[in-house]
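Asker: model this:
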Amino acid sequence: MDPIATVKDGFNQVAKRQKHYHSTSQAVTDRAFVGFVESLVQILTKNDPKTVLTELKIKLDTLLPINQLQESQKEWNTSLTKFEKVLGKSDQPGMFPASRSIDLDHQLVNKMLVECLYRQGLFEVGDCLVKEAEVEVDDQLSEAIARSLEIHRVTEPLKQEDIEPAMKWISVNSEKLKQHGPELELELISLKYWEMIRQGKSSEAFKFAKDHFPKFATLYTGNILQTEKIQRLVVALLWVRDLENYPHAEEMFSLSWDKTSKELIKQYYHLHDQPSSSPLAVLLSAGIQSLPKLLKLIRVMGMKKEEWEAMKQLPVDLELGDEFQYHSVFVCPVSREQSDEDNPPMMMPCRHVLCKQSILRLCKSCSTRRFKCPYCPAQTTATACRQLYI
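Answerer: Just a heads-up that it's a prediction; the model follows:
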């Protein structure tokens, strides 16, 4: 069985028992509280505490399911013990041979954690980490925190379908946003309008459309896609009582507050020349995707830890997707190898580009020897080629 699935099942069992124990203990606490309050009232009114406390003891013994609470705690402890054993079995030697020993800058790691927490809106946790780990809040981190607070004030109201803060931010930054500004505005207005339609508020939706859509109809004159989108939104008013059968319902239902919020965040950080995802989130995502391939590589090649530690470059490519592509990549059309620092792309006088090693093979490692370009009749030498920096 998959070790990850086994650990997940064990964790779910512990979580289930913990919830049951919590509900049982809460019920016991509530009953005890009621008994204490009643006894306190009786003590104040009857002025006979000894008798009242004796009655309270009898009531607690008869009313409170102490045995049930103890049994629930026993079950929870048992599931927790089993989970510890599952973790022990899964943590076998060699399960993570892809790890490497490096010297971490703990202050830098803590700063990355703080920034990541603030980006997720976990401000109290971030403040606690700064205090407990004594993180140095320099100008760079301070600016990152300020940005997180600002964009949070813009996007958080969208969870309550309040578009005003976002619309105001777009208006203030309209010149910097350029064409993205009107697109974001239209998306927000479409979401608000469609939500009114879904709730059956046809009168409010009609007034809202009349106030906002004409501006975009004029702005997007000649833009067929945006014009059709506005037309379909307006026509949806006629289907307000039967939206499921509206011909363009699937397109309208694809409108997403979460998706629009992410686009706002992306554009916000783009204006500040910052990545839309925190560095820590990118590292974790890339690491999770890479780990299975690295483990397979080490297993297939039969590498020892010392060999893995000494390796400077992977013998295979790791395909991580376009979202992790931050710089241009050149693949030599002759050797089919990806360029790197030791084998950079070189441009010949004819403007064709090959990797350095391919050029050296063509000139047989003689910088003055003339060779023919593989893609045109031009001839040149290695010294006439120029390195490209990408």
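Asker: tell me where the stretch 51-200 of the chain has helices.
Answerer: With helices called from DSSP state H, counting those that start in this stretch, the stretch 51-200 of the chain shows them at 66-90, 106-119, 123-132, 139-155, 164-172, 174-177, 180-198.
Asker: what sits up against the second one?
Answerer: This points to helix 106-119. Applying CB atoms under 8 Å, 6 or more residues apart in numbering, the contact partners of helix 106-119 are 123, 125-126, 129-130, 133, 135-136, 141, 144-145, 148-149, 278-281. All C-beta spots, glycine's among them, are computed from the backbone N, C-alpha and C.
Asker: one more: the first one?
Answerer: Contacts with helix 66-90, where a contact means CB under 8 Å, 6+ apart, come from 3, 6-7, 10-11, 13-14, 16-18, 20-21, 24-25, 28.
Asker: buried stuff in that helix?
Answerer: 69, 72, 75, 76, 79, 83, 86 (16 or more other CB atoms under 10 Å).
Asker: distance to residue 377 and pLDDT for the residues you listed - can I get that in TSV?
Answerer: Rendered in TSV, the data for the buried residues of helix 66-90 read as follows (distance: CB to CB, whole Å; pLDDT from 0 to 100):
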residue	distance to residue 377	pLDDT
69	90	69
72	85	72
75	83	79
76	80	76
79	76	82
83	71	78
86	68	76
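Asker: how close does residue 13 sit to residue 71?
Answerer: Here the distance between residue 13 and residue 71 works out to 16 Å (CB to CB, to the nearest Å).
Asker: again with residue 194
Answerer: 52 Å.
Asker: enumerate every residue touching the most centrally placed residue in the chain.
Answerer: Ranked by distance to the mean C-alpha position of the chain (CA atoms, centre = their mean), the top residue is residue 281 at 6.4 Å. Residues near residue 281 by CB under 8 Å, 6+ apart: 116, 119.
Asker: pretty sure it belongs to a helix, no?
Answerer: Yes: applying DSSP: H, G, I helix; E, B strand; the rest coil, one finds residue 281 inside a helix.
Asker: shift numbering so it begins at 29
Answerer: Okay, residue one is now 29; in that scheme the one you just asked about reads as residue 309.
Asker: okay, it and residue 273: tell me how far apart.
Answerer: With the distance defined as CB to CB, residue 309 ends up 41 Å from residue 273.
Asker: now do residue 353
Answerer: When CB to CB is applied, the distance between residue 353 and residue 273 equals 43 Å.
Asker: next one: residue 348
Answerer: Residue 348 is 43 Å from residue 273, where distance means CB to CB.
Asker: neighbour-wise, which of the two wins?
Answerer: A count of neighbours by other CB atoms under 10 Å puts residue 348 above the other of residue 348 and residue 273, at 13 against 8.
Asker: how near is that one to residue 336?
Answerer: The gap separating residue 348 from residue 336 is 20 Å, by CB to CB.
Asker: before we move on, what about residue 392?
Answerer: Relative to residue 336, residue 392 is positioned 36 Å away (criterion: CB to CB).
Asker: okay, those two: which has more neighbours?
Answerer: For residue 392 versus residue 336, neighbours defined as other CB under 10 Å are more numerous around residue 336 (16 against 9).
Asker: hang on, that one is in a strand, isn't it?
Answerer: No: counting by three-state DSSP, residue 336 is not part of a strand but helix.
Asker: ranges for the strands of this structure?
Answerer: Along the chain, counting by DSSP state E, strands occupy 373-375, 381-383, 399-400, 407-408, 414-415.
Asker: give me the contacts around the last one.
Answerer: Translated: strand 414-415. Contacts of strand 414-415 with the rest of the structure, by CB under 8 Å, 6+ apart, involve 372, 373, 374, 375, 384.
Asker: identify the residues contacting the closest residue to the third one other than its chain neighbours.
Answerer: What sits nearest to residue 374 in space, not counting adjacent residues and going by CB to CB, 6 or more residues apart in numbering, is residue 413, at 4.3 Å. Residues near residue 413 by CB under 8 Å, 6+ apart: 374, 375, 376, 377, 387.
Asker: what's the per-residue pLDDT of the second one here?
Answerer: Per-residue pLDDT puts residue 375 at 93.
Asker: where does the stretch 229-378 of the chain have low pLDDT?
Answerer: Low-confidence segments of the stretch 229-378 of the chain, defined by pLDDT under 70, span residues 280-282, 355.
Asker: mind running it again at 80?
Answerer: Flagging of the stretch 229-378 of the chain using pLDDT under 80 yields the residue ranges 245, 247-251, 271-272, 276-283, 326-327, 329-356.
Asker: okay, stretch 54-67 in PDB with CA atoms only?
Answerer: As requested, C-alpha coordinates have been extracted for stretch 54-67 and formatted as PDB (Å, rounded to 0.1, in the frame of the first residue of the first chain):
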ATOM      1  CA  GLN A  54     -17.600  19.600  25.900                       C
ATOM      2  CA  ALA A  55     -20.900  17.900  26.800                       C
ATOM      3  CA  VAL A  56     -19.400  16.800  30.200                       C
ATOM      4  CA  THR A  57     -18.100  20.300  30.800                       C
ATOM      5  CA  ASP A  58     -21.500  21.900  30.000                       C
ATOM      6  CA  ARG A  59     -23.400  19.600  32.300                       C
ATOM      7  CA  ALA A  60     -20.900  20.200  35.100                       C
ATOM      8  CA  PHE A  61     -21.200  24.000  34.600                       C
ATOM      9  CA  VAL A  62     -25.000  23.900  34.800                       C
ATOM     10  CA  GLY A  63     -24.700  21.900  38.100                       C
ATOM     11  CA  PHE A  64     -22.200  24.300  39.600                       C
ATOM     12  CA  VAL A  65     -24.300  27.300  38.700                       C
ATOM     13  CA  GLU A  66     -27.500  25.800  40.200                       C
ATOM     14  CA  SER A  67     -25.500  24.900  43.400                       C
END
